[in-house]
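Asks: make a model of this:
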Amino acid sequence: MSTPPTPEPLRLDPLARDVAAEGALLRAAGPVAAVLLPGGVPAWAVTRHGAARELLTDHRLVKDARHWAAYQRGEVPSDWPLIGLAVPGPSMVTTDGEEHRRLRALVAQAFTPRRVELLRPRVEAVTAGLLDALAAGEPEVDLKTAFAFPLPMTVIGSLLGVDEADHGYLRELYERFFGSVPDPAGIQATIAALNAFVGDLVRQRRERPGDDLTSALLAADVAGSELTDQEAAATLRVMIAAGHETTVNLISNAVRALLGHPDQLALVRAGEVPWSAVVEESLRWTPPTTNFLFRFASEPIEVGAVVVPAGDPVLISYHAIGRDPLRHGDTAELFDVTREPSRHLSFGHGPHVCPGAPLARLEAQVALPALFERFPRLALAVPDAELRSSASVVVNSLRELPVRLR
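Replies: Below is the predicted model of the structure:
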């Protein structure tokens, strides 16, 4: 049996200038496409809904970076901008099997739909306070900084016991952490700063437990053992990132989509379509995560005409998958809040599906109607074409979202 020819890789744009067009090119290359990440690091991108559902439950795709052949050979430098995402510490994101279930169990218990629903009054109160501040301020504002960021960061921060004074510092660190271009401060310095922050939080709660989720995680007994300090720190780093970044982008991208499609906004405001439909369509059409790094092939994996060699990294291209016409029909490229409900994969699938999805949905379903009710004349302050994406192949994020409130 002859080996299939290796396809020419698609070079992903580190500045993320047009992720929709890039997603279309990825889909056209097949269900699994060869790509080059910033810095020339080769990988494979899963681009189709059907292939993603299969591969996200395939035991041959593992999280352990010891299976990444190029990294083990020293071909990926320690200052590669995405190294912190590709080779993070031991957490539920980087483990499989029994170890993954042990680490995930603690987090999953905190974010069951029932427990998340109990957070609704807190989410509503934070939302109302932020909207009051907007109403008392200038008529033009960066909605990402003034609303989309502080809402989820305040909620996850209060859950974990993170001081509000540290929120801005964490935003700065995570923006550098998710960036695809070389960090002037050095990515290792950013990783070290994040590790120092969560390490200090772990030490503080070990010495002085409080009424917060961090203290509960440290005290919990799962499978006969507590989290080690290293596991706790890595878990907190993941929770802080996922607990705010996903919702920041979900709210910002949904507002942008609605303002760019006034006919769709009119349907929702008239009560003809529920706000939950807006959230789900936004997650599909412009997901918070563009590409999720990494899984690694522990043995050769054949997908259609392509064979992913053992030792190669695989990323899940959620933006490409969300607009797959084989799943969402000929109108997959259109933002349509009246679309028949169709399960998307923007929060993942299989054992590693995002445990924080219920909280992100709740925050968006509270924030969006409250925002448009308070500011019915909300409009972009610049043409949509002038909005700039964050320089990241990982998160689907705007640098800022300038709007006119009234």
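Asks: could I get the buried residue list for stretch 88-104?
Replies: For stretch 88-104, the neighbour count (16 or more other Cβ atoms under 10 Å) marks 88-96, 99-100, 102-104 as buried. For glycine as for every other residue, the C-beta is placed from the backbone atoms N, C-alpha and C.
Asks: and residue 394, what is it in contact with?
Replies: Neighbour list for residue 394: 82, 85, 178, 180, 289-293 [criterion: Cβ atoms under 8 Å, 6 or more residues apart in numbering].
Asks: filter those down to the ones in strands?
Replies: Counting by DSSP state E, the part of the contacts of residue 394 found in strands is 291-293.
Asks: can you give me the strands in the protein?
Replies: In the chain, strands defined by DSSP E lie at 10-11, 32-37, 41-46, 61-62, 140-142, 291-297, 301-303, 306-308, 313-317, 379-380, 402-404, listed in chain order.
Asks: the fifth one pairs with which strands, and in what direction?
Replies: The strands that strand 140-142 pairs with in its sheet are strand 402-404 (antiparallel) (by DSSP bridges).
Asks: how close does the residue lying closest to residue 190 once chain neighbours are set aside get to residue 191?
Replies: Counting by Cβ to Cβ, 6 or more residues apart in numbering, residue 176 is the residue found nearest to residue 190 once chain neighbours are left out, at 4.6 Å. As defined by Cβ to Cβ, to the nearest Å, residue 176 lies at a distance of 9 Å from residue 191.
Asks: how deep is the residue nearest to residue 325 when sequence neighbours are not counted tucked in, by neighbour count?
Replies: Leaving out its chain neighbours, the residue that sits closest to residue 325 by Cβ to Cβ, 6+ apart is residue 332, at 4.4 Å. Under the neighbour criterion other Cβ atoms under 10 Å, residue 332 is assigned a count of 19.
Asks: one more: residue 140?
Replies: The local packing of residue 140 (other Cβ under 10 Å) involves 14 other residues.
Asks: so it makes contact with residue 381?
Replies: Yes. Distance between residue 140 and residue 381: 5.1 Å, which falls inside the contact criterion (Cβ atoms under 8 Å).
Asks: so what sits against both of these two?
Replies: Joint contacts of residue 140 and residue 381 (Cβ under 8 Å, 6+ apart) are 402-404.
Asks: reformat those residues as TSV; add pLDDT.
Replies: Converted to TSV, the shared contacts of residue 140 and residue 381 look like this (pLDDT from 0 to 100):
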residue	pLDDT
402	98
403	98
404	98
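Asks: nearest to residue 363, of those residues?
Replies: Sorting the shared contacts of residue 140 and residue 381 by how near they are to residue 363, with Cβ to Cβ, puts residue 403 at the top with 18.7 Å.
Asks: excluding chain neighbours, what is closest to the closest one?
Replies: Using Cβ to Cβ, 6+ apart, the closest residue to residue 403 is residue 143 (4.8 Å).
Asks: what is the least confident helix or strand in the protein?
Replies: Taking all helices and strands of the chain together, the one with the lowest average confidence (mean pLDDT, DSSP states H and E) is helix 97-110, at a mean of 86.
Asks: if anything else comes up later, I'll come back, but that's it for now.
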